[in-house]
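no FASTA, just this:
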């Protein structure tokens, strides 16, 4: 045992434990300095845009909302345009180019040839009314036992092309094909009345011929008046009414025979 005592004393005399203790003291001092610096930084007010710990936010600001129920922030909705995006969108009928007020005004203008024409409304490519009147004409002819849908659309296409070329040669400003199709389609409404009369009575007689001539003059007069007002073609109404009368005469022949 006496031999091991010097070894034990040498072992315990080494500075291993003291180094650890000194290092521990230095580490604790460093931690204290670090904690102290963090505390000093926490007491100071954070700079704008700097990182702020969560503890500081929770201690400095009180959350007034409930769990899973965020508070209302009007500033967010005022700056975001998502809330007012649907209110700023135009109606669907307006995007499709369907205006029932203009359709009704054009229909009244056709039914009353003496009524003054609003050129700004008539100079539009509105094909809703013409499509309805063409379908009504084909339906009334079908009720009279005449399947003439192909003739109706074929004559309409050829007539619109011919009137379009003629008006572009006669007018200075020119006219679009949509405007010509719209005016001729709206003025087809009196022809629907003639084909409806043919369902109950025969038009192959003197009375039917006179009624067909009146309807042809009605349609051509309304169409020529609208074209003259929309294209500023004063004094040329008879020149425009003649080709329109030839076109509507073909539709009258479909109703008679």
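It's in. On a predicted model such as this, the values are computed, not experimentally measured, just so you know. Residues are numbered from 1 along each chain as shown.

next, the closest residue to residue 233 other than its chain neighbours: phi, psi?
Distances taken as Cβ to Cβ, 6 or more residues apart in numbering place residue 171 nearest to residue 233, at 5.6 Å, with adjacent residues excluded. Every residue, glycine included, has its C-beta placed from N, CA and C. Dihedral pair for residue 171: phi -100, psi 160, per degrees, to the nearest 10.

give the contact list for residue 171.
By Cβ atoms under 8 Å, 6 or more residues apart in numbering, the contact list for residue 171 reads 231, 232, 233.

give me the buried entries from these.
For the contacts of residue 171, a burial check counting by 16 or more other Cβ atoms under 10 Å picks out 231, 233.

which of the contacts of residue 171 sits closest to residue 161?
residue 231 (17.3 Å; Cβ to Cβ).

let me know the pLDDT of the closest residue to that closest one other than its chain neighbours.
Spatial nearest neighbour of residue 231, excluding adjacent residues (Cβ to Cβ, 6+ apart): residue 171 at 4.4 Å. We have a pLDDT of 85 for residue 171.

from the contacts of residue 171, which single one is nearest residue 178?
Closest approach to residue 178 among those (Cβ to Cβ): residue 231, at 14.1 Å.

quick one: low-confidence ranges for the chain?
1-90, 92-97, 119-123 (pLDDT under 70).

all helices of it, in order?
Here the chain has its helices, by DSSP state H, at 4-12, 16-43, 54-60, 74-79, 85-88, 92-95, 100-111, 119-122, 128-143, 149-170, 177-186, 189-200, 206-231, 237-256.

what's the last one packed up against?
With contacts defined as 3 or more Cβ pairs under 8 Å, 6 or more residues apart in numbering; DSSP states H and E, the secondary structure elements packing on helix 237-256 are helix 128-143, helix 149-170, helix 189-200, helix 206-231.

relative to residue 105, which of these is closest?
Set against residue 105 and scored by Cβ to Cβ, the helices and strands packed on helix 237-256 come closest in helix 128-143, at 10.5 Å.

so what does the closest one touch, helix or strand wise?
If you count contacts as 3+ Cβ pairs under 8 Å, 6+ apart, helix 128-143 packs onto helix 100-111, helix 149-170, helix 177-186, helix 189-200, helix 237-256.

quick one: list the elements packing against the fourth one.
The one in question is helix 189-200. Counting contacts by 3+ Cβ pairs under 8 Å, 6+ apart, helix 189-200 packs against helix 100-111, helix 128-143, helix 206-231, helix 237-256.

nearest to residue 196, out of those?
So among the helices and strands packed on helix 189-200, helix 128-143 is nearest, using Cβ to Cβ, at 4.9 Å.

if we can go back for a sec, go through the helices and strands packed on helix 189-200 and name the closest to residue 153.
Using Cβ to Cβ, the nearest of the helices and strands packed on helix 189-200 to residue 153 is helix 128-143, at 6.7 Å.

that closest one to helix 189-200, inter-axis angle?
Here the directions of helix 128-143 and helix 189-200 differ by 20 degrees (axes from the mean of the first three to the mean of the last three Cα atoms, to 10 degrees).

which residues are contacting helix 128-143?
97-98, 103, 106-107, 147-149, 152-153, 156, 181-182, 184-186, 188-189, 191-192, 195-196, 198-199, 251, 254-255.

residues of it that come out buried?
128, 129, 130, 132, 133, 134, 136, 137, 138, 140, 141.

please apply the same query to stretch 201-209.
203, 208.

do the same with stretch 217-230
218-230.

spatially, which two of those residues are the most separated?
Greatest spatial distance in these: 218 and 230, 18.8 Å, computed using Cβ to Cβ.

how long is stretch 163-183 end to end?
One end of stretch 163-183 to the other measures 11 Å (Cα to Cα, to the nearest Å).

nearest spatial neighbour of residue 203, chain-adjacent residues omitted?
Of all residues not flanking residue 203 in the chain, residue 256 sits nearest, at 4.4 Å (Cβ to Cβ, 6+ apart).
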